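Chemist: Need a 3D model of the sequence below.
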Amino acid sequence: MHALKMFLLFVLGGAPRGATAASFVAPPLVKMRYAPSGEAAALCNCKDLADKMVASLFQAQLIGLVIGAVLGLILFVMLRRSGRLRKKPPEAPKPPGDGPEPGDAGATDEAATPAAG
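Modeler: Numbering: from 1, shown residues only. Below you'll find the model as predicted:
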């Protein structure tokens, strides 16, 4: 169960990071792709161009989401193989009768030992 939690943490943690990175990287690239190259004024159907630009931005964010999830998965596998994500077994609780109790026969309590004299 611990491995599944860690797997989901890495994959679902990497996906939004990839989408966020794509949100910063994609707009300049989409702008460069659809900007007129060297022309003074572009005579185009601007509505279609805007639709294509928005679709390209959403596509870039989706690709970033998938890349982030895959990178999270790769990081999970690498850390899991190196042993850094291994769940340590819990220490066994110490049984209550393990050590000498005050007043027991084996205890070295001065009040419990009879006074010589």
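Chemist: pLDDT weak spots in the protein?
Modeler: Regions of the chain meeting the criterion pLDDT under 70 cover residues 36-42, 85-90, 92, 95, 97-117.
Chemist: Output the contacting helices and strands for the strand or helix carrying K47.
Modeler: Secondary structure assigned from DSSP states H and E places K47 in helix 46-82. Helix 46-82 sits against helix 2-34, with contacts defined as 3 or more Cβ pairs under 8 Å, 6 or more residues apart in numbering; DSSP states H and E. Backbone N, C-alpha and C define where each C-beta goes, glycine included.
Chemist: Tell me what angle the helix it packs on forms with helix 46-82.
Modeler: For helix 2-34 against helix 46-82, the angle by axes from the mean of the first three to the mean of the last three Cα atoms, to 10 degrees is 150 degrees.
Chemist: helices or strands up against helix 2-34?
Modeler: helix 46-82.
Chemist: in the helix it packs on, what's buried?
Modeler: 56-57, 60-61, 64-65, 67-69, 71-72, 76 (16 or more other Cβ atoms under 10 Å).
Chemist: how much space between N45 and D51?
Modeler: Applying Cβ to Cβ, to the nearest Å, the value for N45 to D51 is 10 Å.
Chemist: That should have said K94, apologies.
Modeler: Applying Cβ to Cβ to K94 and D51 gives a distance of 69 Å.
Chemist: and if you look at L43?
Modeler: Separation of L43 from D51 (Cβ to Cβ) stands at 17 Å.
Chemist: what do you get for L12?
Modeler: Distance from L12 to D51, by Cβ to Cβ: 31 Å.
Chemist: again, but for R84
Modeler: Counting by Cβ to Cβ, the gap from R84 to D51 is 47 Å.
Chemist: contacting residues around the closest residue to V66 other than its chain neighbours?
Modeler: Among residues not flanking V66 along the chain, G18 sits closest, at 7.1 Å (Cβ to Cβ, 6 or more residues apart in numbering). By Cβ atoms under 8 Å, 6 or more residues apart in numbering, the contact list for G18 reads 64-69, 71.
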